[in-house]
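Student: Next one to model:
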Amino acid sequence: MSFQAYLDNIEDKTGLTPREFITLAQEKGFDAPSTKTGVIVDWLKADFDIGRGHAIALVHVIKNGDKIDPRHVGTGTAHNDASDTLWLDGKKTRPA
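Tutor: Numbering: from 1, shown residues only. As a prediction, the model looks like this:
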């Protein structure tokens, strides 16, 4: 599953876009560099019933924004993405 697919699945489950999760995390102070991954994962599980793998994808965008490592782009592997830039504003607004 691509990184973008993880984010799309989270949106399907919760109705929230990745950008909305970033805003919620900022409101809680979870975007601070010192915030441990486990704290964010626990919050996502408790408040949104998001599993660990999907939560880790959100942790990445909360802490690092929309860029992913280029080694995951165009590889044709299970975790292949078409671009090194993730779309965070929802599936309905993603350019074709």
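Student: Which parts of this protein are helices?
Tutor: Taking DSSP state H as the criterion, the chain contains helices spanning 3-14, 18-28, 37-48, 52-64.
Student: pretty sure residue 53 contacts residue 6?
Tutor: Yes: shown here, residue 53 and residue 6 form a contact pair, counting by Cβ atoms under 8 Å, at 7.1 Å. Using the backbone N, CA and C atoms, a C-beta is placed for each residue, glycine as well.
Student: out of the two, which sits in the more crowded spot?
Tutor: Using other Cβ atoms under 10 Å, the more surrounded residue of residue 53 and residue 6 is residue 6, with 21 against 11.
Student: Can you read off the backbone torsions of residue 77?
Tutor: phi -90, psi -180 (degrees, to the nearest 10).
Student: Check the gap between it and residue 69 for me.
Tutor: 13 Å (Cβ to Cβ, to the nearest Å).
Student: again with residue 81
Tutor: Counting by Cβ to Cβ, the gap from residue 81 to residue 69 is 10 Å.
Student: Looking at these two, which has the bigger crowd around it?
Tutor: More crowded of residue 81 and residue 69, by other Cβ under 10 Å: residue 81, with 18 against 11.
Student: Please name the nearest non-neighbouring residue to that one.
Tutor: residue 2 (4.6 Å; Cβ to Cβ, 6 or more residues apart in numbering).
Student: so what pLDDT did that neighbour get?
Tutor: pLDDT, residue 2: 87.
Student: My guess is it contacts residue 79. True?
Tutor: Yes: at 6.4 Å, residue 2 counts as touching residue 79 under the criterion of Cβ under 8 Å.
Student: Pick out whichever of the two has more residues nearby.
Tutor: Between residue 2 and residue 79, counted using other Cβ under 10 Å, the more crowded position is residue 2 (18 against 13).
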